[in-house]
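A.B. asks: can you look at this prediction? I've put the sequence above it.
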Amino acid sequence: MEADWQIVVQRCLDGDSVAWAELVKAHHRRIYSLCYRFTGSPHDAEDLTQDVFIKVYGNLTTFDLTRGSFQTWITTLARNLLVDHFRRTKQQRVTDSMDAGWDESEELPMADRLAAPGPSQHDRAAQKEIARMVQEALTKISPELREAVILRDLQDMDYKEIAQVLRIPEGTVKSRISRGRAELARLLERNKGQVV
């Protein structure tokens, strides 16, 4: 599978726009998710995702399969851009207005809601509130702990890949993940009673 990415990268370098579209489509969701989880802002995440792919395009010649997987390489580029963004904005916590995302509601028309199978409106509202609380808690922990937890628990990377991306020993990765999870649990425990 990784050898396939080497071929796709080479096709991109040869000017194949279909290969570039394939690469972006395959990685866009994961990179956006990483950016969103780190910033907490859908608007910043969109801008940063675009910046990541511009950076990827400009650095395709540096990808070397012998130094790690394509996923690790692209995640490293994304992480470096996020760290630069964090330093540039000096922003640890991002808060959205109360109505952010209101226009992006996935709510169905009345007729469809009445007949819709699956979770109830209450269940969906509770799930959204839990997701909001987790995202808010993520923005309150230190960037070092946040990025380790995001890469492990939300991006599903293994410890070795995370160590490569962050350029730290695996033991430090495990320690940061453990501390980050504990800090998240503490923050979420405080707000546990808010979701009914």
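C.D. replies: Looks like it arrived, so ask away. Numbering: from 1, shown residues only.
A.B. asks: who touches Arg176 in this structure?
C.D. replies: Glu144, Leu145, Ala148, Val149, Ile168 (C-beta atoms under 8 Å, 6 or more residues apart in numbering). Using the backbone N, CA and C atoms, a C-beta is placed for each residue, glycine as well.
A.B. asks: mind listing which of those are in helices?
C.D. replies: Glu144, Leu145, Ala148, Val149 (DSSP state H).
A.B. asks: if we can go back for a sec, which two of the contacts of Arg176 have the greatest separation?
C.D. replies: Val149 and Ile168 (14.1 Å; C-beta to C-beta).
A.B. asks: need the per-residue pLDDT for the residue nearest in space to the middle of the chain.
C.D. replies: Compute the mean C-alpha point of the chain, and by C-alpha atoms, centre = their mean the closest residue is Leu34, 1.3 Å away. With respect to pLDDT, Leu34 scores 91.
A.B. asks: I figured it hits Asn80, correct?
C.D. replies: No: Leu34 is not in contact with Asn80 according to C-beta atoms under 8 Å; the separation is 11.9 Å.
A.B. asks: and the next helix or strand past the helix or strand of the chain with the lowest mean pLDDT?
C.D. replies: Every helix and strand of the chain was ranked by mean pLDDT, DSSP states H and E. The lowest is helix 110-115, at a mean of 48. Later in the chain than helix 110-115, the nearest helix or strand by DSSP states H and E is helix 121-140.
A.B. asks: and that following helix, how far out from the chain middle?
C.D. replies: Centroid displacement of helix 121-140 relative to its chain, using C-alpha atoms, centre = their mean, to the nearest Å, is 16 Å.
A.B. asks: do the same with stretch 22-39
C.D. replies: Chain-centre distance of stretch 22-39: 6 Å, with C-alpha atoms, centre = their mean.
A.B. asks: what sits up against the helix ranked longest in the chain?
C.D. replies: Longest helix in the chain, counting residues (DSSP H): helix 17-39. Helix 17-39 is contacted from outside by 5, 8-9, 11-12, 42, 44-46, 48-49, 52-53, 56-57, 71, 74-75, 78-79, 82, 85-86, 94, 135, 138, 143, 146-147, 150-151, 154-155, using C-beta under 8 Å, 6+ apart.
A.B. asks: summarise which helices and strands the strand or helix carrying Phe53 is packed against.
C.D. replies: Assigned by DSSP H and E, Phe53 belongs to helix 42-59. On a contact count with 3 or more C-beta pairs under 8 Å, 6 or more residues apart in numbering; DSSP states H and E, helix 42-59 meets helix 17-39, helix 70-89.
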